[in-house]
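Engineer: pasting the sequence and the predicted model now:
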Amino acid sequence: MAMKMKKYEELELRDDFMFSRIMSNPKFVKPLLETILGVKIRKIVYPQTQKTIDLSLQAKGIRLDVYVEDDQNTVFNLEMQTSDGANLPKRMRYYQGMIDLNILDKGKDYTTLKKSYVIFICTFDPFGEGRHIYTFCNTCQENTALTLDDDAVKIILSTKGTMDDVSPEMQRILDYIDGKGASDKFTEELEEAVRSARQNERWRLDYMTLQQEYRERFQEGKAEGIKEGKIEGLREGKIEGKIETLYEELHMTVVEIAEKLAISEEEVQRIVDALEI
């Protein structure tokens with residue numbers, strides 16, 4: 001099965017590439033974060049656009065969709081998630097750990113760790129409770145009023161929520177991401193930014209280059225994996241080809257593939273996400 005890829009002019013805000021490019025502008029990421037958190041942010045700083053964290057040759061590097069800081073030394077990681085098969089809790093844990101280690105890698109003491117928010121915007125309801133927002137902080141199981149105060153917050157937003165549990169502004173943003181169209185000034189500005197981005201030839205070239213790299217990597221891996229023969233021959237194939245064959249031809253789940261190949265679910269999910277672009 002060939003990789004399914006959108007044309008650049010078909011990309012929407014929900015698409016990973018478009019989301020990261022639009023949110024590279026503080027004009028959009030600042031009000032989005034303010035709406036999600038219900039607070040005012042004075043200033044947004046971009047340490048890097050689509051920051052890549054790679055701690056060592058042995059560790060699996062991650063590329064963050066949106067990584068920004070505010071003037072209060074708080075870190076925000078925003079990710080768009082469209083694949084319902086993702087192990088979101090483990091993925092969020094991994095992202096949080098990598099962000100913290102990246103900060104400490106600069107020689108700082110753990111007491112200097114910044115307050116951080118890892119925020120996933122999902123086009124599905126990962127828990128099936130009908131909520132638009134799920135907020136997680138570390139609390140004591142014996143006394144839920146007692147919090148660990150480790151300054152690490154994880155938030156999952158769902159465009160498929162049914163409860164009346166977010167502000168009207170947040171609801172309109174989630175509806176827009178879900179494809180229901182712009183309905184206020186901010187979502188109209190987002191829509192205009194997407195239309196403008198589709199005319200950005202430099203971004204188009206970046207997207208095409210990225211997709212070509214994915215295509216070449218998967219085709220090479222798939223050819224080598226198939227040459228060795230389905231499951232038994234997959235041992236010698238490249239990891240991308242192994243996963244594509246198991247996922248698309250043998251219809252195995254992310255968990256099953258991770259167990260079969262003895263690699264992390266996060267690594268499998270990263271490649272599966274690329275397959276589904």
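Structural biologist: Received it, and whenever you're ready, just let me know what you need.
Engineer: and the strands in the chain, which stretches?
Structural biologist: 44-45, 52-53, 62-63, 66-70, 74-81, 115-122, 133-136, 152-158 (DSSP state E).
Engineer: in JSON lines, list these along with mean pLDDT.
Structural biologist: JSON lines is the format used below for the strands of the chain (pLDDT from 0 to 100):
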{"stretch": "strand 44-45", "mean pLDDT": "88"}
{"stretch": "strand 52-53", "mean pLDDT": "52"}
{"stretch": "strand 62-63", "mean pLDDT": "62"}
{"stretch": "strand 66-70", "mean pLDDT": "86"}
{"stretch": "strand 74-81", "mean pLDDT": "92"}
{"stretch": "strand 115-122", "mean pLDDT": "94"}
{"stretch": "strand 133-136", "mean pLDDT": "96"}
{"stretch": "strand 152-158", "mean pLDDT": "96"}
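Engineer: surely Trp203 touches Ser20?
Structural biologist: No - under the contact definition of CB atoms under 8 Å, Trp203 does not touch Ser20, with a separation of 10.2 Å. (Glycine included, C-beta is placed from N, CA and C.)
Engineer: related to what we said a few turns ago, mean neighbour count added to the strands of the chain, as a markdown table?
Structural biologist: Output for the strands of the chain, formatted as a markdown table (neighbours: other CB atoms under 10 Å):
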| stretch | mean neighbour count |
| --- | --- |
| strand 44-45 | 14 |
| strand 52-53 | 16 |
| strand 62-63 | 16 |
| strand 66-70 | 21 |
| strand 74-81 | 22 |
| strand 115-122 | 21 |
| strand 133-136 | 16 |
| strand 152-158 | 22 |
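Engineer: turn those into CSV, including distance to Gln269.
Structural biologist: Compiled in CSV, the strands of the chain are given as follows (distance: least, CB to CB, whole Å):
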stretch, distance to Gln269
strand 44-45, 28
strand 52-53, 17
strand 62-63, 11
strand 66-70, 19
strand 74-81, 10
strand 115-122, 12
strand 133-136, 19
strand 152-158, 15
